[in-house]
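In: structural data only, the sequence is not supplied:
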Ligand SMILES: Nc1ncnc2c1ncn2[C@@H]1O[C@H](COP(=O)(O)OP(=O)(O)OP(=O)(O)O)[C@@H](O)[C@H]1O
């Protein structure tokens, strides 16, 4: 079966300061390759600074790679740093959703803007889509009139999820999206993610330090170390018999 997302030899370099006047190249991601099937969850784990968030941004189109390809359902959506700007099928949710929402916009206006800029929907269709999306993530119709500061942290993650889902993406990248939540709220959001996946065949790429969560919900895992894939396989296999020193260290914590 064709993977929904295929990443081929993705590399990324940052120009970083070296001393007072010089800059040097820092290879943050080196030759990253993996693929993921529809309705599956792939976890990306690694120590601090391994390159996980950079990879998340490249996948979601928030930054560009220097080389390599990203293919969605067999079509190249990024080729050596050139992104198909029309591609809205990979969306991202961050840890601190509150910070990524415009405090001056109601949730309804924010969702409406997403639809206005990315679809040809008329007003009636946009209203219907906003209502069904809010209900999908467990929020009420009335919540569209609320501003971000009126929500709890857990509800804000639902709002972020609504913003990601309103354009019917195929892949959602979750960068520590449930990490800051307290355990009971985290469990609610994880159950919501699993339900959405069961109902719609969504594919997740989950970046997290929570290894119990990785074990609970991911089908495959990629272990990054200093920008390189040091282990990649079925989660159960990797957890039971970790091959790389980094994976062994992570699992022993
Ligand atoms: N814009 C940037 N310019 C220069 N260096 C950067 C930039 N963004 C990230 N880095 C560096 O790239 C490396 C990887 O960062 P990244 O945030 O991707 O790691 P991470 O695995 O997500 O870490 P953490 O688990 O702590 O979030 C780090 O050394 C970081 O300092």
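Out: That came through, no problem. Keep in mind the model is a prediction, meaning the values are calculated, not measured.

In: I'd say residue 232 and residue 218 touch.
Out: No - using CB atoms under 8 Å, residue 232 is not in contact with residue 218; the gap is 11.9 Å. C-betas here are computed from N, CA, C, even on glycine.

In: neighbour-wise, which of these two wins?
Out: Of the pair residue 232 and residue 218, residue 218 is the one with more neighbours under other CB atoms under 10 Å, namely 24 against 18.

In: how about the more buried one: what's its closest non-neighbour residue?
Out: residue 43 (3.7 Å; CB to CB, 6 or more residues apart in numbering).

In: elements contacting the strand or helix carrying the one you found?
Out: Using DSSP states H and E, residue 43 sits within strand 41-46. Using 3 or more CB pairs under 8 Å, 6 or more residues apart in numbering; DSSP states H and E, the elements in contact with strand 41-46 are helix 52-60, strand 203-207, helix 211-217, strand 220-225, helix 245-252.

In: and the very next helix or strand once past the fourth one, what's buried?
Out: Along the chain past strand 220-225, the next helix or strand (assigned with DSSP H and E) turns out to be strand 228-234. Within strand 228-234, the residues that count as buried by 16 or more other CB atoms under 10 Å are 228-233.

In: show me which helix runs longest in this protein.
Out: Looking across the chain with DSSP state H, the single longest helix is helix 183-200.

In: enumerate the residues of the stretch 51-200 of the chain near the ligand.
Out: 51-54 (CB under 6 Å from any ligand atom).

In: just put these in TSV and tack on neighbour count.
Out: TSV is the format used below for those (neighbours: other CB atoms under 10 Å):
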residue	neighbour count
51	22
52	23
53	19
54	21
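
In: in the protein, where is pLDDT below threshold?
Out: 86 (pLDDT under 70).

In: which residue lies nearest the spatial centre of it?
Out: residue 173 (1.2 Å; CA atoms, centre = their mean).

In: and that residue, how far is that from the ligand?
Out: The gap separating residue 173 from the ligand is 12 Å, by CB to the nearest ligand atom, to the nearest Å.

In: same check, this time on residue 91
Out: 18 Å.

In: what is whichever strand or helix holds that residue packed up against?
Out: Residue 91 belongs to strand 90-93 when assigned by DSSP H and E. With contacts defined as 3+ CB pairs under 8 Å, 6+ apart, the packing partners of strand 90-93 are helix 52-60, helix 153-165, strand 171-175.
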